[in-house]
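> attaching a predicted model along with its sequence, questions to come.
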Amino acid sequence: MKRIKTAKKKISLLSAAVLCLCYNAAASGAAIQTGVTYNIVNRWQNTYLHDGGNNALYGPLSNNAAYRWTLEASVGGSYEIRNIGTGEYLNIESNNGQVQATTRNPSWDSAKWLIEPTADGYVRLRNRWHSTHFVNNEHSTGTAEIGTIHDSWASAQWQLVVVGTPTPTPTPTPTVAYTFVNRWQGGTLLDGGVNATYAAQSNGAISQWILVPSDGGAYLIRNVATGEYLNIEANNGMVQSTPTGAGWESAKWNVESTGDGYVRLRNRWQNTQFV
């Protein structure tokens, strides 16, 4: 052990053919703030938490947005911790001893954290779902761990270092949610669990989608209810609706107008294939 050490629109769809000025917020006595960008720095190893794809990793500081985080107030004094670079959230939904950085369902307690100050300017990150478990790097694996700890462990203590000058939280732009309606059969696209399915009529948020701009004019298509994304990573002839890995081309889509009020959804990875 280490001692002290929403507006809604409809899209019609063709058929298948168709970051340093920094200060330590906790050490300065500043209140935890939302709408502020932080680096999260481990006390023991002086390493920086970042989004490494499916998991939260730690290492030397990089001038990369994946090393920056913001806090979003949640229930019971807890916070969600969202990555600036990827938009993904720290969570332990997989319940495998590691901290994930993935999309999340807003209802998940596994993605909610109690930020508990120490007496000397650091914080511990306690999970709301498993309330005896804290983020730590006790075993130096390179991946952030979650588990029970000893109070003396510096491996479970973190600095919240504000990156730049705190600014007020901006007024959010209303998010536009779309339904995708097939031209041929009239079915509405929805998140059916592992796969995207379609139904005869709209089924609320499960059949509403948000277009998230990606690179090269493509979009990620995120479900309002589940936070999951359309993708074809399984490459099995079906469209999945699942969490995605960082950089998946299979989850990027070109939305191509037909000129008469409909669109085709062309996959970026398999660019001759359409939904």
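In hand now; what should we look at?
> in the stretch 151-275 of the chain, which spans are strands?
Ranges of strands in the stretch 151-275 of the chain, per DSSP state E, counting those that start in this stretch, are 158-163, 176-182, 188-191, 196-199, 209-213, 219-223, 229-231, 240-242, 253-257, 262-267.
> pretty sure Gly76 is in a helix, no?
Yes. According to DSSP: H, G, I helix; E, B strand; the rest coil, Gly76 belongs to a helix.
> one step back: ranking the strands of the stretch 151-275 of the chain by mean neighbour count, which comes first?
strand 229-231 (a mean of 26; mean count of other Cβ atoms under 10 Å). All C-beta spots, glycine's among them, are computed from the backbone N, C-alpha and C.
> which other helices and strands does it contact?
strand 219-223, strand 240-242 (3 or more Cβ pairs under 8 Å, 6 or more residues apart in numbering; DSSP states H and E).
> mind checking how far the first one is from the chain centre?
The chain centre lies 13 Å from the centre of strand 219-223; the measure is Cα atoms, centre = their mean, to the nearest Å.
> now do it against strand 176-182, angle only.
Using axes from the mean of the first three to the mean of the last three Cα atoms, to 10 degrees, the direction of strand 219-223 lies 90 degrees away from that of strand 176-182.
> strand 219-223 packs against which elements?
Looks like strand 219-223 contacts strand 209-213, strand 229-231, strand 253-257 (3+ Cβ pairs under 8 Å, 6+ apart).
> could you do the last one as well?
Packing partners of strand 240-242 (3+ Cβ pairs under 8 Å, 6+ apart): strand 229-231.
> ok, now how distant is Val255 from Ser140?
Distance, Val255 to Ser140, by Cβ to Cβ, to the nearest Å: 45 Å.
> returning to what we had before: and Thr37, which of the strands of the stretch 151-275 of the chain is closest to it?
With Cβ to Cβ as the criterion, Thr37 lies closest to strand 158-163 of the strands of the stretch 151-275 of the chain, at 4.6 Å.
> tell me what that closest one is packed against?
strand 22-24, strand 37-42, strand 123-127.
> make TSV out of these and add mean neighbour count.
Below are those laid out as TSV (neighbours: other Cβ atoms under 10 Å):
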stretch	mean neighbour count
strand 22-24	15
strand 37-42	22
strand 123-127	22
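> Leu265 versus the residue nearest to Arg68 when sequence neighbours are not counted, what's the distance?
Residue nearest to Arg68 in three dimensions, not counting chain neighbours: Ile84, with 4.0 Å by Cβ to Cβ, 6 or more residues apart in numbering. Look at Ile84 and Leu265: by Cβ to Cβ, they are 28 Å apart.
> count of residues packed around Ala144?
Neighbours of Ala144 under the rule other Cβ atoms under 10 Å: 25.
> surely it and Val99 touch.
Yes. Applying Cβ atoms under 8 Å, one finds Ala144 in contact with Val99, separated by 3.9 Å.
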